[in-house]
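Novice: following is a predicted model, sequence given first.
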Amino acid sequence: MAGRWVGARLRRKEDQRLLTGSGRFLADLRLPGMLSAVIVRSPHAHARIVAINAARARAERGVAAVFIGPDLGAVGRIPMRMSPRAEVVECLQRPLALGRVRYVGDPVAVVVAEDRYRAEDAAELVEMDLEPLPVVTEARQALEPGAPVVHESLGRNLAERLVMGCGEPERALREAPVRVRDRFKVHRHTGVPLETRGLLAQFEPGTSALTVWGPTKVPHFNRGVLSDLLGWPEHLVRFVETDVGGGFGIRGEFYPEDFLVPWAAMRLRRPVQWVEDRREHLLAANHSREQLHEIEIGADRDGRIVALVDRIYADMGAYIRTHGFVVPDRTAAMLPGPYRIPNYGAEVLCAFTNKTPCGTYRSPGRYEGTVVRERIVDRLAGELGLDPAEVRRRNFVSPADMPYDVGATADYDPVVYDSGDFRGAFDAALEAADYESLRNRQAEARREGRSVGIGIGCFVEKSGTGPWEHARVEIDGSGRVVVFTGLASLGQGLETTLAQICADELGVHPDDITVVHGDTARIPYGVGTFGSRGAVVGGNAVAQAASALRERIKSFAALRLELSPEDLVLDAGRVHPRGVPDRGLTLRELARAAAPGQPLPPGLEPGLSASAIFKAPMRVYPYGTHVATVEVDPETGRVTVMRYVIAYDIGRAINPMIVEGQLAGGLAQGLGGALLEELVYDEGGQLLTTTFMDYLLPTAMEMPEATVIHVLEKSPSPLNPLGIKGAGEGGCTGSGAALANAVADALAPLGVAVTGLPLTPATIVASIRAAASRREARR
Amino acid sequence: MTERTIRLSVNGREYERRVAVRWTLADFLRDELGLTGTHLGCEHGVCGACTVVMNGAAVRSCLLLAVQAQGAEIRTVEGLADGDTLHPLQEAFWEHHGLQCGFCTPGILMSFACFLEEHPAPSDAEIREALAGNLCRCTGYVNIERAVRAAVTKLAGGRAGAGPTGA
């Protein structure tokens, strides 16, 4: 492959429409006769539904209908998309609550009216007679005897217990000369894309066809779910993706509304649109991250890790949603990270609570696990009197160990790193941070009484989840190249990167390629976009299809030019004999010559098109190191991030500009999670952070004063022809860890123990005070 | 529902419309005039996605009622380019990858279209502070700052070339 476009910093194909206000987001769509839906949600965290009275709401002018749970009939529960488990079927969510509500935000009724203003008026008139029940809001408490039970049918709050590991962790720990034990918390926060969720559904009674706009991530899978729940043939259900305002794991899963809106459109025989508001988004869309870890590490006197044992409490919220146990499972699967840990044991206890159900958020499980592992490694360094960098150097898995079996499992599959030089990325980050002189400057700052800290976060990411992805490439009748992909676009620049891959195969400019995605009527198969899989699995599928098409193009051209295909080249939208650019045929001429009805030799099917299913049975593992330098104001608890370095090896970058953008964006989210964002519940299960005044997203002012991003391409994956590893999450993965370690380092002289996230001004001031009173008590 | 007739100019075009008094300016622009480039990210005045320029000031169209725009001159993202020629800010955002999903972008463009008219030569710190009024969840802001700086240079060059004094 020539590689002219793969690797180029090409500006994006998507941008012109987005910059001029011509993008089409869900809320921008209008259909004649369209109605607007509003969901009525439980105000209680746990209650028995005595009665729902919608009579007054139904009587309101402009209201087309109000539906409550029993109106849906015998509809099923929303199934798990990932690793379904029969034991928790009764704990899956219904589209509308029946009998009980289990969190604040649980959908109770749907109001459909002429416009959103009227729908919201009517929603206030829906009377809910709810009898409050005892509430449990904390995972560990939920597992104690006597705790209120969220799902009576299950009879307990333990949703799942996962166990994994290798070697003899308990014995190795007992015999380890150095042991450090601690407890770390990662708090509840989530993706919060700037565009809320939304759906538009249209039913055409004449043809029985149902079209749903808006579900973007795994459209083909979700179409199957909707088809099952509605009992409607799959070929009559069409899902269409729009432009979307960010995904981050949260968007495009099958939520209650993904049933309710199409169902209402079918029932009312009018288009129905639902656009979530921000408060609703924070209450209703998946939450994530909330875990408590009780971890112990053992090492020899040289600082080589011999054992790691962790017990993890994972808060699942009130129902099992589509992601099932993916987040807790991946936390334990990836906890060992870049270090060689011969004896590893993890026990994960997944508990129901009366809070919003949980799903994935960028670097699911890895962000959390990396915080915990990197904190305990720093504590180990402290125990040994070694620099944190030195302990890491002594423990990295080396390139010679690849492929490396970690000894953990993800969905019962062994975690086997495909390739990597973890030490190399670490060195690159420390060099960019100028680590040694940074330590000197820190010492100077400390002498001046300033609380400056340096934190390292090393990690391994996981990407390229299979099992496959589909692509088809065709030359249309006008000679234009069209790529059809089974991936979805959530704002990452997929139309550009896939065009770059295809352009190299077919010798055309990326601008002359159209990428079609997210329409189940035009694309027969697709898995979708999540977990940094798009470029890896979808990108290789496009390369494979385009390469097959190139050979077909050459076969047709060879016939016309009476030459052998080997003597032909594709360049600038033409096929010509090698070295004779004047002779040849345009793609347009060839597309017409290959059309059905033209005389063709036996064995050559008509049409300039090729499709491919790229299979990816094994995941691929990018990796990197973050280095944060912070200053903490001990009076106010404010953390200023002075300098931030990311080195991330993704094997091969299709478009380095886009990769750097992904890393900078991931860092902002990780930083927000570490320092600002928190979904706070009170004891009664009320969510207190339902606006952007309470749930604080980082602004430009909170970002590091200087950020250095190194995209490394040292270890291409041996598991796919393009050598790609996913680039979407590594900017986030190490950031909670690096920031927590930096704050801990800054506050070490004050005796402060940093035992988790978030590091908000309030938590920092509280921990400084706690340290002061501990010192006081010792006197 | 109480209604009023309002007259206003949007992107240089005059409109006269009956509007319910409780409708926000954002909903009016999007639903009544079909200008859906103005986006709604929070509907409580924090995220800035709905920013438009009204009578020369950047405003949050989710916090204004349509009737408050009676007689106003409004600019939205649809009016930023000059025909097929992109505004220097739009060009710079494209060139420097200052957007990913593009949802917050119209609001940021309009905030800076207004800001740069008042501050033609802002410092990096001033750009950052001005940007802090808009939330972006994708970019981490780095490339937005870069793009704004590039647009500042371009705009200054344009002015220097156009004016007789080159000031």
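Specialist: Everything's here; your move. No experiment lies behind these values; they were computed from the predicted model shown. Numbers count the residues shown, from 1 in each chain, chains lettered A, B, ... in the order given.

Novice: name the helix or strand for the residue in the stretch 501-650 of chain A that chain B sits nearest to, please.
Specialist: Closest to chain B within the stretch 501-650 of chain A is A:Tyr644: 10.0 Å, counting by CB to the nearest CB. Bear in mind the C-beta positions are built from the backbone N, C-alpha and C, glycine included. Assigned by DSSP states H and E, A:Tyr644 falls within strand A:639-649.

Novice: before we move on, the earlier item: surely the residue of the stretch 501-650 of chain A closest to chain B meets A:Leu663?
Specialist: No - if you go by CB atoms under 8 Å, A:Tyr644 and A:Leu663 don't touch, sitting 10.5 Å apart.

Novice: and residue 108, how many neighbours?
Specialist: Looking at chain A here, since you left the chain open. Neighbourhood size, A:Val108 [other CB atoms under 10 Å in any protein chain shown]: 22.

Novice: actually chain B
Specialist: B:Ile108 has 28 nearby residues by other CB under 10 Å.

Novice: count the neighbours of the nearest residue to it once chain neighbours are set aside for me.
Specialist: Once flanking residues are discounted, B:Ile108 sits nearest to B:Asn134: 4.8 Å by CB to CB, 6 or more residues apart in numbering or on different chains. When counting by other CB under 10 Å, one arrives at 26 neighbours for B:Asn134.

Novice: quick check on B:Asn134: phi, psi?
Specialist: As for B:Asn134, its main-chain torsions (degrees, to the nearest 10) stand at phi -120, psi 140.

Novice: who are the contact partners of it?
Specialist: By CB atoms under 8 Å, 6 or more residues apart in numbering or on different chains, the contact set of B:Asn134 is A:Thr699, B:Cys47, B:Gly48, B:Ala49, B:Thr51, B:Cys104, B:Gly107, B:Ile108, B:Ser111.

Novice: closest to A:Ala471 out of these?
Specialist: B:Cys104 (30.4 Å; CB to CB).

Novice: near chain B, which residues of the stretch 601-750 of chain A show up?
Specialist: A:657-658, A:660-661, A:664-669, A:691-693, A:697, A:699-701, A:703, A:707, A:731 (CB under 8 Å from any CB of the partner chain).

Novice: can you say which of those residues are buried?
Specialist: Among these, those classed as buried by neighbour count (16 or more other CB atoms under 10 Å in any protein chain shown) are A:657-658, A:660-661, A:664-669, A:692, A:697, A:699-700, A:703, A:707, A:731.

Novice: ok so, going back, could you give me the average pLDDT of the next helix or strand after the strand holding A:Tyr644?
Specialist: Where DSSP H and E defines the elements, the next helix or strand beyond strand A:639-649 is helix A:656-675. Helix A:656-675 carries an average pLDDT of 98.

Novice: the helix or strand following helix A:656-675 to strand A:639-649, inter-axis angle?
Specialist: Counting by DSSP H and E, the next helix or strand C-terminal to helix A:656-675 is strand A:706-712. On the basis of axes from the mean of the first three to the mean of the last three CA atoms, to 10 degrees, strand A:706-712 is oriented at 10 degrees to strand A:639-649.

Novice: buried set for strand A:706-712?
Specialist: A:Thr707, A:Ile709, A:His710, A:Val711, A:Leu712.

Novice: could you chop the chain up by domain?
Specialist: Reading this off chain A. Domain assignment for chain A, taken from automatic domain parsing, gives A:33-133+A:196-244+A:251-284, A:291-397+A:410-463+A:619-778, A:465-615.

Novice: not quite, go with chain B.
Specialist: Per the record, chain B has its domains at B:3-77, B:88-160, by automatic domain parsing.

Novice: so how far is the last one off the chain centroid?
Specialist: Relative to the mean C-alpha coordinate of its chain, domain B:88-160 is positioned 11 Å out (CA atoms, centre = their mean, to the nearest Å).

Novice: repeat that for stretch A:623-631.
Specialist: Its chain's average C-alpha position is 21 Å from that of stretch A:623-631, according to CA atoms, centre = their mean.

Novice: list the helices and strands the longest helix anywhere in chain A packs on?
Specialist: Across chain A, the longest stretch assigned as helix under DSSP state H is helix A:539-561. Secondary-structure packing of helix A:539-561 (3 or more CB pairs under 8 Å, 6 or more residues apart in numbering or on different chains; DSSP states H and E): strand A:468-475, strand A:481-485, helix A:494-506, strand A:568-571, strand A:574-577, strand A:585-586, helix A:587-593, strand A:609-615.

Novice: nearest to A:Ala432, of these?
Specialist: Among the helices and strands packed on helix A:539-561, helix A:494-506 comes nearest to A:Ala432, with 25.4 Å by CB to CB.

Novice: state the mean pLDDT of that closest one.
Specialist: Helix A:494-506 carries an average pLDDT of 98.

Novice: cool, stretch A:123-133 as well?
Specialist: The average pLDDT within stretch A:123-133 is 98.

Novice: pull out the buried positions in that stretch.
Specialist: Here stretch A:123-133 shows A:Ala123, A:Leu125, A:Val126, A:Met128, A:Leu130, A:Leu133 as buried, counting by 16+ other CB under 10 Å.

Novice: stretch A:87-103 now?
Specialist: Using 16+ other CB under 10 Å as the test for burial, stretch A:87-103 gives A:Val88, A:Cys91, A:Leu92, A:Gln93, A:Arg94, A:Pro95, A:Leu96, A:Ala97, A:Arg100, A:Val101, A:Arg102, A:Tyr103.

Novice: got the CA coordinates for that stretch in CSV?
Specialist: Taking Å, rounded to 0.1, in the frame of the first residue of the first chain, the C-alpha atoms of stretch A:87-103 are listed here in CSV:
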residue,chain,number,x,y,z
GLU,A,87,-29.6,-14.9,36.4
VAL,A,88,-30.4,-11.1,36.2
VAL,A,89,-33.1,-11.1,33.6
GLU,A,90,-35.6,-9.9,36.3
CYS,A,91,-33.3,-7.0,37.1
LEU,A,92,-33.3,-5.6,33.5
GLN,A,93,-35.3,-2.4,33.0
ARG,A,94,-38.8,-2.2,31.5
PRO,A,95,-39.5,0.7,29.2
LEU,A,96,-42.0,2.1,31.7
ALA,A,97,-41.9,1.1,35.4
LEU,A,98,-44.5,-1.3,36.6
GLY,A,99,-45.3,-1.9,40.3
ARG,A,100,-42.2,-0.2,41.6
VAL,A,101,-39.8,2.6,40.8
ARG,A,102,-36.2,2.1,41.8
TYR,A,103,-34.4,5.4,41.2
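
Novice: secondary structure element holding A:Ala727?
Specialist: Using DSSP H and E, A:Ala727 falls within no helix or strand.

Novice: hang on, isn't it packed against A:Pro622?
Specialist: Yes - applying CB under 8 Å as the test, A:Ala727 and A:Pro622 come out as touching, 7.0 Å apart.

Novice: common neighbours of those two, please.
Specialist: When contacts are counted by CB under 8 Å, 6+ apart, A:Ala727 and A:Pro622 are jointly contacted by A:Ser463, A:Ser532, A:Tyr648, A:Ile650.

Novice: burial of the residue in chain B that chain A sits nearest to, as a residue count?
Specialist: Nearest to chain A, among the residues of chain B, is B:Gly37, at 1.9 Å (CB to the nearest CB). B:Gly37 is flanked by 27 other residues according to other CB under 10 Å.

Novice: how about the residue lying closest to it once chain neighbours are set aside, secondary structure?
Specialist: In space, not counting the residues next to it along the chain, B:Gly37 is nearest to A:Gly21; the distance is 1.9 Å by CB to CB, 6+ apart. Assigned state for A:Gly21: coil (three-state reduction, DSSP: H, G, I helix; E, B strand; the rest coil).

Novice: just checking, A:Gly21 touches B:Pro106?
Specialist: Yes - contact criterion CB under 8 Å: A:Gly21 and B:Pro106 qualify, at 5.5 Å.

Novice: which residues are in contact with A:Gly21?
Specialist: Taking CB under 8 Å, 6+ apart as the contact definition, A:Gly21 lies against B:Leu35, B:Thr36, B:Gly37, B:Thr38, B:Thr76, B:Val77, B:Glu78, B:Leu80, B:Pro106.
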